[in-house]
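Q: attaching a predicted model along with its sequence, questions to come.
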Amino acid sequence: MRPGRLGELLPLDLPIVQGPFGGGLSSVELTVAVSEGGGLGSYGAHVLAPEGISTLVARLKAATDRPFAVNLWVPQEGEGAGPLDLAAHTERLRPYYAELGVTAPTAAEHAAWPDFDAQLDALLAAAPPAVSLVMGLPPVRLVTEARRRGIVLIGTATTVAEAVALEAAGVDAVVASGSDAGGHRGAFLRPVRESLVGTFSLVPQVVDAVAVPVVAAGGIADGRGVAAALALGADAVQIGTGFLAARESGASPAHRRALGTPEARTTVLTRLFSGRTARGIPNRFVREMAAHEEHVPPYPLQNVLMRPIRRAAAEQERPEYLNLWAGQAAGLSRPGVAAAEFLAALAADADGRGAGPAGPAPATAAG
């Protein structure tokens, strides 16, 4: 496979991007393995303090001279605004804290969430080869400074309108993230429920709507999906769940084992783990708390409230309380495979199917 138009922005060998994982699911080892294999490794840094971002980029640059991306979440309007009844939300989770033997977060922990502007300052100063964003448009200063410093800027769209807005805002490439994708949904122009477009409906429409390179994401787990996305005009593909299952990922062993099972064929959208909508495998916690989906507080408060539960569940190997993020093709995952082996298999399989970035169709005259 050729790297396509994304390869004109970054020196890649393959048109394959590793999806960025937040909340401790990313790892330097995974990012480096994908980049060294010729793809674009990515690291989700939205939970890191500014100094953590500086350290992260330094570690990645020391480990590889190939391109990689660091991902941040754009704050959404209304999050963290106004008083919240912390006691009521904590009480709802009290039985789970008790069962796992952990204590509820303190007020100080809620107040210590990283500031997005400070994160941006640290990221720009560290100057990774690429910066990717989800859940919003890049601030003007990010676009300006990224261009000045030679940083490739990648935005994420869940609808055609979002892709058009991202291109107008100045991104260099757009990830067209279909509703098949695992993890957090990135809708920002309209509510998530109005932005659930399947990958293979979304990709050709985005390809027709924007001039920048398009990266297809969501429900792509093997060479068949890669070939199909490229045939629809995508310049590259982004794969999340498949790389989350790799042994180098930061996912807990219990999470990795859940991928590729018959249970992984069913996924749901839930706000219960973070306060933002995400796709994952339903488990005991999701089912028991389903009635509270509309009542949990917004991100980042719910994320902080759930952090002790997620950490303890991972340490104790209790998948019934884990955020088992997974896309709708999770049943095709290969838990425990080496990232380099998975990447090579994707490329070989797609090559065997005649895959190659097709690029946008030529314009035709109206009338």
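A: Sure thing, it's come through. Residues are numbered from 1 along each chain as shown.
Q: which helices and strands does the helix or strand of the chain with the lowest mean pLDDT pack with?
A: When the helices and strands of the chain are scored by mean pLDDT, DSSP states H and E, helix 107-111 comes last with a mean of 72. Helix 107-111 is packed against helix 301-315, with contacts defined by 3 or more CB pairs under 8 Å, 6 or more residues apart in numbering; DSSP states H and E. C-beta: built from backbone N, CA, C; applies to glycine.
Q: give me phi/psi at Gly101?
A: phi 70, psi 40 (degrees, to the nearest 10).
Q: actually, His184.
A: Backbone torsions for His184, taken as degrees, to the nearest 10, come to phi -70, psi 140.
Q: same check, this time on Gly219
A: Here is the backbone geometry of Gly219 (degrees, to the nearest 10): phi 70, psi 20.
Q: ok, now Trp325?
A: Phi and psi for Trp325, reported as degrees, to the nearest 10, are phi -60, psi 130.
Q: now it: how far from Ala118?
A: Separation of Trp325 from Ala118 (CB to CB, to the nearest Å): 26 Å.
Q: compare those two (neighbour count), which wins?
A: Trp325 (27 against 13; other CB atoms under 10 Å).
Q: residue boundaries of the helices in the stretch 1-150 of the chain?
A: 6-9, 28-36, 50-63, 86-100, 107-111, 116-126, 140-149 (DSSP state H, counting those that start in this stretch).
Q: and of these, who's closest to Leu305?
A: With distances scored as CB to CB, the stretch of the helices of the stretch 1-150 of the chain nearest to Leu305 is helix 86-100 (6.0 Å).
Q: tell me the most buried of the helices of the stretch 1-150 of the chain?
A: Neighbour counts (mean count of other CB atoms under 10 Å) averaged over each of the helices of the stretch 1-150 of the chain peak at helix 28-36, with a mean of 23.
Q: and it, how far from the chain's centre?
A: 16 Å (CA atoms, centre = their mean, to the nearest Å).
Q: which of the helices of the stretch 1-150 of the chain has the lowest average pLDDT?
A: In terms of mean pLDDT, the lowest-scoring of these is helix 107-111 (a mean of 72).
Q: so which residues make contact with that one?
A: 86, 300-301, 304 (CB atoms under 8 Å, 6 or more residues apart in numbering).
Q: now that helix, how far from the chain's geometric center?
A: Counting by CA atoms, centre = their mean, helix 107-111 comes out at 25 Å from the chain centroid.
Q: of all the contacts of helix 107-111, which two lie farthest apart?
A: Leu86 and Pro300 (12.8 Å).
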